[in-house]
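Novice: sharing a model that was predicted from the sequence below.
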Amino acid sequence: MSRVVLKDLTKRYAGGNLAVDRLNLEVGDGEFVCLVGPSGCGKTTALRMIAGLEDISGGQVMIGDKVVNLLPPRDRDIALVFQSYALYPHMSVFDNMAFGLKLRKTPKPEIESAVREAARILDLERYLDRKPGQLSGGQRQRVALGRAIVREPAVFLMDEPLSNLDAKLRVQTRAEIAALQLRLGVTTVYVTHDQVEAMTLGHRVAVLREGRLQQCDTPRRLYEHPCNVFVAGFVGSPAMNLDRLPFDGTAARAGEVGIPLPGAAAAAARQAGLSEVVLGLRPESLSLELDGGGDGATRLSGAVHLVEDTGADAWVHVDAPGGSSALRLVALADARRLPAVGDRIVLAVRVAEAHVFDPATGERLGD
Amino acid sequence: MSAVQTAAPPLALRTRRLAVRFRPTRFVLNVILGLIALFWLVPTLSLLVISLRPASSFGVTGWWTVFTAPTQLTLHNYQSLFSTGFASGGILDSAITTALITVPATVLVTVLASLAAYSLVFGRWRGRTAVFLVIVALLVVPVQVALIPVAQLYNAFGHVSGFNPFGTLPGVIIFHVAFGLPFGIFLMRNFYTGIPKDLLEAGRIDGAGEWTLFRRVVLPLGLPAAASLAIFQFIWVWNDLLVGLVFLGGNQHHTLTIYLYGFTRTLANNYWVIATGGIISILIPLAIFFSFQRYFVRGVLAGAVK
Ligand SMILES: Nc1ncnc2c1ncn2[C@@H]1O[C@H](COP(=O)(O)OP(=O)(O)OP(=O)(O)O)[C@@H](O)[C@H]1O
Ligand SMILES: [Mg+2]
């Protein structure tokens, strides 16, 4: 068991492409951290540098208390699960899992019991004699995991291990990985471009954009306190409503309606002398008032543009008057009582849940 | 291949399936292919028959008379060829000499080409592509151009070291290896480029060094290519006449091709020797081909990635 520390980790590919830019990250002992970000943001590159498969252009990788920059992969005590599985096609499932142990000269009986134990955990016992070519995608995935766990490494590294699975299997395997990590307590760095995967798996989630770390926090904190517009838009599905609106000193103006900003955010915006702010509202911070409730809440009225019904929940897209142009807001609605396209409706805004960002820098305002 | 053996379908279904399976174009195609194969086999077949007929009957009756009068067949020719035993210059001695050249030349080329291809594909040194291009360019050098320079090189080496490879088996082997390598490296490299890099990286993380990666991952996966290379090289060296003729000059042992070549000057009297010796010299490459054939499996990489 050990922690992983990245200090100003940088990768510049031949040709000058800066794939990872001064990445600082500390993964505690036994912690599960997800690296998430859009395609091409440098997740795989960062992971490969931790694994020792990619030369480090700058900064440090520490595993345990040791700087491992110059150690070859085999001396880093890590296991990597590849996106492509990378199983040895000419070896049986058993040999695939046993290969690493054999190379480390582990005694035969120990190998045997380690592999059997891993196979039992991953429900692979029936397939030990098969070749990878005779397995389904999900089974191959489990063999790849098995190969990682039999070695009992100090750190698990996983690069989008679920991306080749279909939606249902992905959800199932996701739960298995979470349970497995909890049980083994091995420090894990998990790369994915799927924010739902990151949020459900990670103790903490690190959001990357163009090689730079945006924010690293618990999923809840990331969701409730995104540090900038990018994180706010990236985390959550459907995405947060982010709109640039005029600011009058206390409220953001959406047409006739003033949406009062949370106190700290309004103060910060005033202090910065902003005349406009980016207002972020999660779909669940907007509710449909079909019966026209009557407390003193802020209300926006608009026309229904689109209704997406997912079964339990539904997403209602509403056109409302905004600043210079109309707002298009997505609101969470009860699927049992849905408006029709074209209906005029009223949205109640839970202003306390609003997020406010500086339109120039994209940084969060207030707490 | 399905893992599950399905039970035989009911009769009605089976006949229908058979009816569907009979396709006229396919049938015509098979007949044509069969005829071509037969046509190709006729010279070899006639050689076999001639070797089994009395030497005296050559030029008197045609070999095809065997179909109407099979009793003329005899093993006499083989007996007289083998009667000289292992005396140098005899057929058995020539066969052994040929094997002593061919086997090392084949093994060396297959192993060295695999190693070189590994380095060219998975190594991380600069100029790999340039080196590969030079090797490919070497493919166009014809053997006859190199005969004299290499002979001179051997002599020069002899002056320096006291061992002149000219006229010795190692001399011939080295020549064959040198000329087999460009094609071998070309073939193996092209095959190895199809092996996913992820597999080697997985191996590195599992703790394998370069040698282990080569031995345990790349070599087994490259077996089909290595087997084809071995067969090509074996047949090429086994059937070589020119290199043996030049570089074994003065050696009392010589190759099968040189042995047979010696009889062509008095062709009419020695037709039976050439036919019989020819059949004997075909048998070995044929055996090699069939024993290596099982390595030609398709889809060795199935299940590696994705
Ligand atoms: N070998 C390479 N040489 C040059 N540039 C590279 C190389 N590999 C990756 N890159 C570039 O580095 C950047 C980061 O790539 P990386 O593979 O780390 O992205 P990623 O976040 O894993 O994306 P994805 O989600 O699509 O897998 C990309 O812009 C990519 O084009
Ligand atoms: Mg990637």
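Specialist: Everything's here; your move. Residues are numbered from 1 along each chain as shown, chains lettered A, B, ... in the order given. Ligands and ions are numbered 1, 2, ... in the order given.
Novice: list the contacts for A:A86?
Specialist: Contact analysis of A:A86 by Cβ atoms under 8 Å, 6 or more residues apart in numbering or on different chains lists A:144, B:196, B:198-199, B:201-202, B:304-305. C-beta coordinates here come from the backbone N, C-alpha and C atoms, glycine included.
Novice: repeat for A:A340
Specialist: By Cβ under 8 Å, 6+ apart, the contact set of A:A340 is A:304, A:307.
Novice: chain A: helices as residue ranges?
Specialist: With helices called from DSSP state H, chain A shows them at A:43-51, A:93-103, A:108-121, A:137-150, A:167-184, A:195-201, A:219-224, A:229-234, A:263-271.
Novice: please convert the ones you listed to JSON lines, extending it with mean pLDDT, distance to B:V150 and mean neighbour count.
Specialist: Shown next, in JSON lines, are the helices of chain A (pLDDT from 0 to 100; distance: least, Cβ to Cβ, whole Å; neighbours: other Cβ atoms under 10 Å in any protein chain shown):
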{"stretch": "helix A:43-51", "mean pLDDT": "95", "distance to B:V150": "47", "mean neighbour count": "24"}
{"stretch": "helix A:93-103", "mean pLDDT": "95", "distance to B:V150": "43", "mean neighbour count": "23"}
{"stretch": "helix A:108-121", "mean pLDDT": "93", "distance to B:V150": "51", "mean neighbour count": "16"}
{"stretch": "helix A:137-150", "mean pLDDT": "90", "distance to B:V150": "50", "mean neighbour count": "24"}
{"stretch": "helix A:167-184", "mean pLDDT": "87", "distance to B:V150": "61", "mean neighbour count": "15"}
{"stretch": "helix A:195-201", "mean pLDDT": "91", "distance to B:V150": "63", "mean neighbour count": "21"}
{"stretch": "helix A:219-224", "mean pLDDT": "94", "distance to B:V150": "71", "mean neighbour count": "16"}
{"stretch": "helix A:229-234", "mean pLDDT": "94", "distance to B:V150": "67", "mean neighbour count": "22"}
{"stretch": "helix A:263-271", "mean pLDDT": "91", "distance to B:V150": "84", "mean neighbour count": "16"}
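Novice: how about the residues of the stretch 1-150 of chain A near chain B?
Specialist: Residues of the stretch 1-150 of chain A lying close to chain B (Cβ under 8 Å from any Cβ of the partner chain) are A:51-53, A:72-74, A:78-80, A:82, A:84-90, A:99-100, A:103-104, A:131-135, A:137, A:140, A:147.
Novice: wait, A:Q195 sits on A:V235?
Specialist: Yes: using Cβ atoms under 8 Å, A:Q195 is in contact with A:V235, at 5.5 Å.
Novice: can you give me phi and psi for whichever residue of the stretch 251-367 of chain A sits closest to ligand 1?
Specialist: Residue nearest to ligand 1 within the stretch 251-367 of chain A: A:G362 (20.3 Å; Cβ to the nearest ligand atom). The phi/psi pair for A:G362 (degrees, to the nearest 10) reads phi 80, psi 0.
Novice: please apply the same query to B:L75.
Specialist: Backbone geometry at B:L75, expressed as degrees, to the nearest 10, gives phi -90, psi 10.
Novice: residue contacts, the closest residue to it other than its chain neighbours?
Specialist: In this structure, B:L75 finds its nearest non-sequential neighbour in B:L52, 7.2 Å apart by Cβ to Cβ, 6 or more residues apart in numbering or on different chains. Each residue near B:L52 by Cβ under 8 Å, 6+ apart is listed here: B:66, B:73-75, B:77.
Novice: turn these into CSV, columns for neighbour count.
Specialist: As requested, these are exported to CSV (neighbours: other Cβ atoms under 10 Å in any protein chain shown):
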residue, neighbour count
B:V66, 20
B:L73, 13
B:T74, 13
B:L75, 11
B:N77, 20
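Novice: ok, of these, which one's closest to chain A?
Specialist: Among those, B:L75 lies closest to chain A (Cβ to the nearest Cβ), at 45.3 Å.
Novice: any idea of the pLDDT on the closest one?
Specialist: We have a pLDDT of 84 for B:L75.
Novice: returning to what we had before: residues near the residue of the stretch 251-367 of chain A closest to ligand 1, how many?
Specialist: By the other Cβ atoms under 10 Å in any protein chain shown criterion, the neighbourhood of A:G362 contains 17 residues.
Novice: wait, it touches A:F230, no?
Specialist: Yes: using Cβ under 8 Å, A:G362 is in contact with A:F230, at 6.5 Å.
Novice: helices or strands up against the lengthiest strand in chain A?
Specialist: The single longest strand within chain A, with elements called by DSSP state E, is strand A:298-309. Contacts defined by 3 or more Cβ pairs under 8 Å, 6 or more residues apart in numbering or on different chains; DSSP states H and E place strand A:298-309 against strand A:257-260, strand A:313-320, strand A:327-334, strand A:344-349.
Novice: bridging residues for A:D313?
Specialist: When bridges are called by DSSP bridges, A:D313 pairs up with A:D334.
Novice: let me see the contact set for it.
Specialist: Contacts of A:D313 (Cβ under 8 Å, 6+ apart): A:332-335.
Novice: for B:I96, what are its contacts?
Specialist: The contact partners of B:I96, by Cβ under 8 Å, 6+ apart, come to B:86, B:253.
Novice: show the pLDDT at the residue of the stretch 251-367 of chain A closest to ligand 1.
Specialist: On pLDDT, A:G362 comes in at 92.
Novice: what of A:P38?
Specialist: With respect to pLDDT, A:P38 scores 92.
Novice: so what's it closest to, chain neighbours aside?
Specialist: With sequence-adjacent residues excluded and distances taken as Cβ to Cβ, 6+ apart, A:P38 is closest to A:H193, at 6.5 Å.
Novice: what's around that neighbour, how many residues?
Specialist: 18.
Novice: swap in B:V121?
Specialist: By the criterion of other Cβ under 10 Å, B:V121 has 20 neighbours.
Novice: starting at the chain centroid, how far to the strand or helix carrying it?
Specialist: Taking DSSP states H and E as the criterion, B:V121 maps to helix B:91-122. Remark: helix B:91-122 is offset 10 Å from the chain centroid, using Cα atoms, centre = their mean, to the nearest Å.
Novice: and what of stretch A:206-216?
Specialist: Distance of stretch A:206-216 from the chain centroid (Cα atoms, centre = their mean) equals 10 Å.
Novice: where do the helices sit along chain B?
Specialist: Per DSSP H, chain B carries helices over the ranges B:11-21, B:24-51, B:76-82, B:91-122, B:128-138, B:143-161, B:169-192, B:197-206, B:210-212, B:219-221, B:223-238, B:242-247, B:256-261, B:267-292.
Novice: what's the domain layout of chain B?
Specialist: What automatic domain parsing lists as the domains of chain B is B:26-74, B:86-305.
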